[in-house]
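Engineer: Using only what follows, build the 3D model:
(2 chains)
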2 protein chains.
Amino acid sequence: MNYWNTRLREMTEYIPGEQPQDIDEYIKLNTNENSFPPSKQVLEAIKEAANDKVKLYPDPKSTRLRELFAEQNSLNADNIFVGNGSDEIFTLLFRGFIEHNGTAAFTYPSYSLYYTMSEAYGINFDKINAEKDFSIDLQKFSGKNYNLVIISNPNNPTGTGFDINDIRKFLKTYKGLLVVDEAYVDFYGETAIALVKEFDNIIITRSFSKSYSLAGLRIGLAVSNPEIINGFFKLKDSYNVNRISEAGAIAALKDIKNFKYNIQMLINNKEYLEEQLYELGFEIVPSKANFLFVKHSAIQAENIYNKLKNRKILVRYFQGPVQSEYLRITVGTMMEIKKLIQELASITEA
Amino acid sequence: MNYWNTRLREMTEYIPGEQPQDIDEYIKLNTNENSFPPSKQVLEAIKEAANDKVKLYPDPKSTRLRELFAEQNSLNADNIFVGNGSDEIFTLLFRGFIEHNGTAAFTYPSYSLYYTMSEAYGINFDKINAEKDFSIDLQKFSGKNYNLVIISNPNNPTGTGFDINDIRKFLKTYKGLLVVDEAYVDFYGETAIALVKEFDNIIITRSFSKSYSLAGLRIGLAVSNPEIINGFFKLKDSYNVNRISEAGAIAALKDIKNFKYNIQMLINNKEYLEEQLYELGFEIVPSKANFLFVKHSAIQAENIYNKLKNRKILVRYFQGPVQSEYLRITVGTMMEIKKLIQELASITEA
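Structural biologist: The predicted model follows:
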């Protein structure tokens, strides 16, 4: 590794959920993609954008998408940044907003990207352990003067949520930067977007990968005050969002009817999945997201994960204290759920 | 700028060429996009990829695209990295391969992104001035033990090129990392890809924005030895290339006939543009790219730039020694060229 610098050599790589090449042979319940297809209007918009203008660079600021999201959320376009997935937003956040050797705190368990990014950027961080029921008291973050706190609401992988009033209360004394990762907020959660007008140290991140069924397009948003948003613009690559994905995301925001229908279908399926898993002897953490964090009364999580994988069903298994006792299962279509339950029945009864 | 870190506050922003919102009213000859449309097969591939699978994350490694490019260039897929435009590749290069306080050297004039990125990452760099005819003797980079040298071949904004044997000769003694930015190589240039098998310290970057008419999709490639390529993979965001753009890029590589036709059209137009500009009293730097670097015998470049802009024609004007005497004009379609020449005639004869 002659040409790698110290940072690259020393960093821990973030390992995303498996995306097998023979993906069509699997039921994929491991990366929280939406099981329902995207709006037909999105697919039409992509086809329409497949014209000679792809020879031109995209709008470097994704203006139309920002204006539309702003309009729908009583914000201004200068409150909004569009990234190549919310991954890009997190990378820019660590690159531009926290000093090297700054301090951060995250809940545990949570999205492990926060931990690996902190390591990569030389940020010292504390993991604030969740309670036994996976709830988190935000006041636990008030102990030290952290430069950065990231919470995921609802939280990945547990599905538990924070109350907006608790976040507001926390912000009244906290002076660092608070990021609320709302990748899963559309399923059941309550957004903290209103707090952007009350506090200048909050950034909300959003994703089109989950509730809009558009993981393949790579669109994420950051919502904050204009000064922070300008920082994102200053730091990003010139043309970070491609033309086609911007067009698709705009169509997704416009098709409110399909969005609501899709969410409702998912909630129905989630309730069915919960019932079925309960019948098979699983403990289920109450979830506000499109996944369930579950643990079987008798069989180890890793064991179930492996057996399901052999049967061409992927769910997510995490290493680490507490969470290694659980599996995270994305809520699928009814057919996927029935197949999963059938295999789980055979595994748990064997 | 309370929440910006030192790096973000101090960095100089890279300013891309203008992309006006009322773009349809302009003739855009300022950002070296290809004036000819992309292959119809690319547009078909995008439409085909506009299916329910956009709900799924893309292949994190763009395997199919890498395999195809490898096959066409007698390489292995592990020699190739795909980025969200070559911009992302340059960002990753600075983040992962050069130590903070390392040293670099670039030609001058060249793509100003190299300079702004070096500043942003605390890299000390020398600008090696081109000769009067804008040629560069690579041996001028041998003086100090630079950690990084980037050359653009053909060079942006001058259009001049390097000989592959001169690059080979340079690599026989140079021990740092050499990046050859081949964004414009397909127009006339000779690629340095063969050198990847001879030396372990060369990275070639490629773009689909220019010769493939796909600036709107954001696809760039890095070609190097597997160890360096692994570094890019380790550092990048999990899903950096979206599904649709990967599908479009694959179709572009497959349609060799359209690619060759497009390049030939562009060369024809370039020759016509050269003749016409010469008639109007412009000096023209011999160009291997899809743009011309030109200077009028009597009228200042900035003056011409402003007058053309008022007439809804955008060309590129750069600040800085020597280059501020020149304009960079992208080779357009025949209609665009005729309109440009008509306006230039009226400006130069006024």
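Engineer: is it true that A:Lys295 touches A:Tyr278?
Structural biologist: No. Assessed by C-beta atoms under 8 Å, A:Lys295 is found out of contact with A:Tyr278, at 11.9 Å. Yep, even glycine has a C-beta here, placed from its N, CA and C like the rest.
Engineer: Looking at those two, which is more packed in?
Structural biologist: Under the criterion of other C-beta atoms under 10 Å in any protein chain shown, the comparison of A:Lys295 against A:Tyr278 puts A:Lys295 first, with 18 against 12.
Engineer: Quick check: bridge partners of the more buried one?
Structural biologist: Beta bridges link A:Lys295 to A:Glu283, judged by DSSP bridges.
Engineer: which residues sit in contact with it?
Structural biologist: A:Phe282, A:Glu283, A:Ala301, A:Glu325, A:Tyr326, A:Leu327 (C-beta atoms under 8 Å, 6 or more residues apart in numbering or on different chains).
Engineer: out of those, which is most surrounded?
Structural biologist: Highest neighbour count within the contacts of A:Lys295, by other C-beta under 10 Å: A:Leu327, with 27 neighbours.
Engineer: So what sits opposite it in the bridge?
Structural biologist: A:Val294, A:Tyr317.
Engineer: Let me see the residues that make contact with stretch A:153-162.
Structural biologist: A:32, A:107, A:109-111, A:130, A:133-136, A:138, A:151, A:167, A:180-185, A:187-190, A:192, A:285-289, A:291-293, A:316, A:318, A:323, A:326, A:328.
Engineer: Just say helix, strand or coil for A:Lys339.
Structural biologist: With DSSP: H, G, I helix; E, B strand; the rest coil as the basis, A:Lys339 sits in helix.
Engineer: and what of A:Thr91?
Structural biologist: A:Thr91 ends up helix, using three-state DSSP.
Engineer: got a list of what A:Asp186 touches?
Structural biologist: A:Lys210, A:Ser211, A:Phe259, A:Ile263.
Engineer: Now the helix or strand harbouring it: average pLDDT?
Structural biologist: Assigned by DSSP states H and E, A:Asp186 belongs to helix A:185-188. The pLDDT scores in helix A:185-188 average 94.
Engineer: Of all the residues in stretch A:21-32, which ones are buried?
Structural biologist: Neighbour-count burial for stretch A:21-32, counted by 16 or more other C-beta atoms under 10 Å in any protein chain shown, picks out A:Tyr26, A:Ile27, A:Lys28, A:Leu29, A:Asn30, A:Thr31, A:Asn32.
Engineer: Now which of the contacts of stretch A:153-162 would you call buried?
Structural biologist: By 16+ other C-beta under 10 Å, the contacts of stretch A:153-162 give A:32, A:107, A:109-111, A:130, A:134, A:136, A:138, A:151, A:167, A:180-185, A:187-190, A:192, A:285, A:287-289, A:291-293, A:316, A:318, A:323, A:326, A:328 as buried.
Engineer: helices or strands next to the helix or strand A:Leu221 falls within in the packing?
Structural biologist: Taking DSSP H and E as the criterion, the element that holds A:Leu221 is strand A:220-223. Secondary-structure packing of strand A:220-223 (3 or more C-beta pairs under 8 Å, 6 or more residues apart in numbering or on different chains; DSSP states H and E): strand A:80-83, helix A:86-96, strand A:202-207, helix A:226-235.
Engineer: List of residues touching the longest one?
Structural biologist: Read it as helix A:86-96. A:81, A:83, A:113-114, A:117-118, A:120-121, A:123, A:179, A:181, A:183, A:203, A:205-207, A:209, A:218, A:220-222, A:231-232, A:234-236, A:240, B:4-5, B:7-8, B:95, B:237-240.
Engineer: May I have the strands that pair with the helix or strand following that helix, each with its orientation?
Structural biologist: Remark: after helix A:86-96, the chain's next helix or strand is strand A:103-108, criterion DSSP H and E. Sheet pairing for strand A:103-108, assigned by DSSP bridges, gives strand A:124-129 (parallel), strand A:148-152 (parallel).
Engineer: near chain B, anything from whichever helix or strand comes after the shortest one?
Structural biologist: Right, strand A:148-152. The helix or strand immediately downstream of strand A:148-152 is helix A:164-171, counting by DSSP H and E. No. Judged by C-beta under 8 Å from any C-beta of the partner chain, helix A:164-171 stays clear of chain B, getting no closer than 13.5 Å.
Engineer: So which bits of helix A:164-171 are buried?
Structural biologist: Going by neighbour count (16+ other C-beta under 10 Å), the buried part of helix A:164-171 is A:Ile164, A:Ile167, A:Arg168, A:Phe170, A:Leu171.
Engineer: For A:Lys254, which non-adjacent residue is spatially closest?
Structural biologist: Nearest non-adjacent residue to A:Lys254, counting by C-beta to C-beta, 6 or more residues apart in numbering or on different chains: A:Gln41, 6.8 Å away.
Engineer: can you check A:Thr348 too?
Structural biologist: A:Leu280 (5.2 Å).
Engineer: Let me know the distance separating the one you found from chain B.
Structural biologist: 27 Å (C-beta to the nearest C-beta, to the nearest Å).
Engineer: What count of nearby residues applies to that residue?
Structural biologist: By other C-beta under 10 Å, the residues close to A:Leu280 number 16.
Engineer: hang on, it packs against A:Ile341?
Structural biologist: Yes. Between A:Leu280 and A:Ile341 there is a contact under C-beta under 8 Å: 7.1 Å.
Engineer: Skip the chain neighbours and tell me the closest residue to A:Lys140.
Structural biologist: The shortest distance from A:Lys140 to any non-neighbouring residue, by C-beta to C-beta, 6+ apart, is to A:Ile128 (5.0 Å).
Engineer: doesn't A:Ala105 make contact with the one you found?
Structural biologist: Yes. Look at A:Ile128 against A:Ala105 with C-beta under 8 Å: they come within range, at 5.7 Å.
Engineer: Close to chain B: what parts of the stretch 101-250 of chain A are there?
Structural biologist: For the stretch 101-250 of chain A, the residues found near chain B under the criterion C-beta under 8 Å from any C-beta are A:102, A:113, A:177, A:200-201, A:209, A:213-218, A:227-228, A:231, A:234-235, A:237-245, A:248.
Engineer: What subset of these is buried?
Structural biologist: Counted by 16+ other C-beta under 10 Å, these give A:102, A:113, A:177, A:201, A:209, A:213-218, A:228, A:231, A:234-235, A:237-245, A:248 as buried.
Engineer: In helices, which of those residues appear?
Structural biologist: A:Leu113, A:Ile228, A:Gly231, A:Lys234, A:Leu235, A:Arg243, A:Ile244, A:Ser245, A:Gly248 (DSSP state H).
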